[in-house]
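Enquirer: Dropping the sequence and predicted coords here.
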Amino acid sequence: METLRRAADEPIDLVAVYGATSFDLFHVSDALSASYDDRASLVATISDLAEEMREEFVRHGLFAGLRPTQKQVEYKSGRLDGRKLLQVYCGGRGMVLLVHPDQREEPLVRAAMELLGV
């Protein structure tokens, strides 16, 4: 978390690392937890997010052999509950971050690359 915090201009609400069969949640901020009515709603949202990331990972894996290098880093951003959803995929693993909408992407992508071992 410290590596990501140093790279971020704003607080980080969620950090998870995923692969083909796993989704490991490392951090959920108090602010994110408080934005849901109850724990069940938060768990349902994170579960849905985990399933989406798993499906995305499988799609990436299907085409990995066609890429010139497995170390290629890809990322995309979107929105979830008024926050920026940043997904970084590299080296057969992925990291998902939920951050403030104005957060710059490049520093967090570099930090994620470092943590994922690229």
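Expert: Okay, I see it. Numbering: from 1, shown residues only.

Enquirer: The chain: strands as residue ranges?
Expert: For the chain, the strands defined by DSSP state E cover 12-18, 23-28, 73-80, 83-90, 93-99.

Enquirer: Take the ones you listed and write them to a markdown table, including mean pLDDT.
Expert: Formatted as a markdown table, those follow (pLDDT from 0 to 100):
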| stretch | mean pLDDT |
| --- | --- |
| strand 12-18 | 91 |
| strand 23-28 | 88 |
| strand 73-80 | 85 |
| strand 83-90 | 89 |
| strand 93-99 | 90 |
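
Enquirer: roughly how far apart are Asp24 and Asp9?
Expert: Separation of Asp24 from Asp9 (Cβ to Cβ, to the nearest Å): 25 Å. For every residue, glycine as well, the C-beta is placed using N, CA and C.

Enquirer: just Leu85 next, same as before
Expert: Leu85 is 17 Å from Asp9, by Cβ to Cβ.

Enquirer: quick one, which of those two is more surrounded?
Expert: Taking other Cβ atoms under 10 Å, Leu85 and Asp9 do not tie; Leu85 has more neighbours (19 against 11).

Enquirer: Excluding chain neighbours, give the residue nearest to the more buried one in space.
Expert: What sits nearest to Leu85 in space, not counting adjacent residues and going by Cβ to Cβ, 6 or more residues apart in numbering, is Gly78, at 4.6 Å.

Enquirer: Hmm, the one you found is touching Leu97, no?
Expert: No: between Gly78 and Leu97 there is no contact, the gap being 11.4 Å when judged by Cβ atoms under 8 Å.

Enquirer: what residues do those two have in common as contacts?
Expert: Listed as contacting both Gly78 and Leu97 by Cβ atoms under 8 Å, 6 or more residues apart in numbering are Leu85, Gln87.

Enquirer: More neighbours: which of the two?
Expert: More neighbours surround Leu97 than the other of Gly78 and Leu97, with 27 against 10 (other Cβ under 10 Å).

Enquirer: Regarding this structure, what is its longest helix?
Expert: Criterion DSSP state H: the longest helix present in the chain is helix 39-63.

Enquirer: buried stuff in it?
Expert: Neighbour counts using 16 or more other Cβ atoms under 10 Å place Leu42, Thr45, Ile46, Leu49, Ala50, Glu52, Met53, Arg54, Glu56, Phe57, His60 of helix 39-63 among the buried residues.
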